[in-house]
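Student: Fold the following.
(one chain, ligands or ions: 1)
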Amino acid sequence: MATSAYDPDIYDAVYMEDASDVRYYLGLAKQLGGPVLELGAGTGRAVLPIARAGIDVVAVDNSPEMLARLQAKLANEDVGTRNRVRVIRGDMTGLRVEERFTLVQLPFRGFLHNLNRALQLACLKVCYQHLRPGGVIALDVFRPSLEVICASHGALAGVWRWTDDFPADGKRVILSEATTYDNEVQQLYTCHRYDVLTSAGTLERSFIQVIELAYLFPGEMRELLATAGFDDIRLAGDFEGGEVVDGSEIVVRATRR
Ligand SMILES: C[S@@+](CC[C@H](N)C(=O)[O-])C[C@H]1O[C@@H](n2cnc3c(N)ncnc32)[C@H](O)[C@@H]1O
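Tutor: Residues are numbered from 1 along each chain as shown. Predicted coordinates:
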């Protein structure tokens with residue numbers, strides 16, 4: 001069984017369809033006019049629609065596999081879109097580029113890869129330093145769920161649970177998950193197991209993706225953003241401005257002074 005942090009094939013098969021966040025980030029980019037910096041850009045789910053809308057984007061990720069997929073997608077875009085995207089392999093906690101942006105975005109919980117306070121603050125400082133005065137940071141993270149916490153500690157920690165079953169390239173993929181929550185460090189350790197079945201139902205391959213994420217409460221997000229210097233900090237529970245509740249998202253928007 002193979003193990004990896006992110007597999008671009010699986011990532012695109014599973015996450016390409018969920019677009020409410022992509023629409024949200026595209027709307028912000030259009031409103032602010034760009035240029036946009038995306039940290040943890042992955043295979044370009046949010047980057048490509050922004051570039052297609054005529055806005056310059058710098059896409060940063062530390063995974064060569066995810067960036068190779070983004071480059072391959074760019075090769076199929078028209079020359080204008082292709083030229084609007086600059087791809088950089090780098091770390092969101094230590095990046096330095098010359099440009100300054102109207103929007104720095106971290107869609108789809110990428111910020112939670114920063115597992116401790118030092119990394120979280122380093123990342124927010126990178127965001128702050130790369131924004132123009134009045135520029136906006138936008139990101140989304142989980143609102144910690146008591147249900148997930150209870151189901152992921154003690155005797156239930158690490159129990160495999162069926163999560164999803166979906167078609168991909170004429171095959172069937174069964175997704176299961178085993179999560180352990182460490183309350184001391186507020187971190188989730190999740191194994192996603194993908195069992196890929198042929199059309200005849202034979203197991204073709206199994207693949208495990210291990211993801212470690214920080215689990216941050218709304219008050220902690222506010223405190224981190226304020227410590228990094230951000231102003232006008234707004235938190236919503238979804239991309240339509242709903243309330244933050246147990247198990248919702250935390251959709252964060254704040255401004256550089
Ligand atoms: C959940 S994916 C989100 C990808 C993309 N933003 C999207 O919306 O589809 C998180 C991405 O963050 C990247 N990543 C994790 N830690 C990172 C770090 N320290 N610096 C840069 N990228 C990182 C991963 O490789 C992955 O592509």
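Student: who does the host helix or strand of residue 254 touch, helix- and strand-wise?
Tutor: Using DSSP states H and E, residue 254 maps to strand 249-255. Packing contacts for strand 249-255, counted by 3 or more C-beta pairs under 8 Å, 6 or more residues apart in numbering; DSSP states H and E, involve strand 131-142, helix 218-227, strand 231-236. Quick note: C-beta positions are derived from backbone N, CA and C, even for glycine.
Student: Spell out which parts of the stretch 101-250 of the chain neighbour the ligand.
Tutor: Residues of the stretch 101-250 of the chain found near the ligand (C-beta under 6 Å from any ligand atom) are 107, 108, 109, 110, 113.
Student: what's near enough to touch residue 99?
Tutor: Residues counted as contacts of residue 99 (C-beta atoms under 8 Å, 6 or more residues apart in numbering) are 35, 37, 58, 130.
Student: please redo it, this time with the cut-off set to 6 Å
Tutor: Residue 99 makes contact with no residue under the criterion C-beta atoms under 6 Å, 6 or more residues apart in numbering.
Student: ok, residue 211 - contacts?
Tutor: So residue 211 contacts residue 190 (C-beta under 6 Å, 6+ apart).
Student: Do you know the pLDDT at it?
Tutor: At residue 211, the model reports a pLDDT of 93.
Student: Ok, the one 10 residues further on next?
Tutor: Turning to residue 221, the model gives it a pLDDT of 98.
Student: for the one 4 residues further on, same thing?
Tutor: With respect to pLDDT, residue 225 scores 98.
Student: okay, now it: neighbour count?
Tutor: 26 (other C-beta atoms under 10 Å).
Student: thinking again about what came up before, the inter-axis angle of the strand holding residue 254 versus helix 218-227?
Tutor: Inter-element angle recorded for strand 249-255 and helix 218-227: 20 degrees (by axes from the mean of the first three to the mean of the last three C-alpha atoms, to 10 degrees).
Student: What strands flank strand 249-255, and is each parallel or antiparallel?
Tutor: strand 131-142 (antiparallel), strand 231-236 (antiparallel) (DSSP bridges).
Student: Mean neighbour count, the ones you listed: which tops it?
Tutor: Each of the strands paired with strand 249-255 was scored by mean neighbour count; the highest is strand 131-142, a mean of 20, by mean count of other C-beta atoms under 10 Å.
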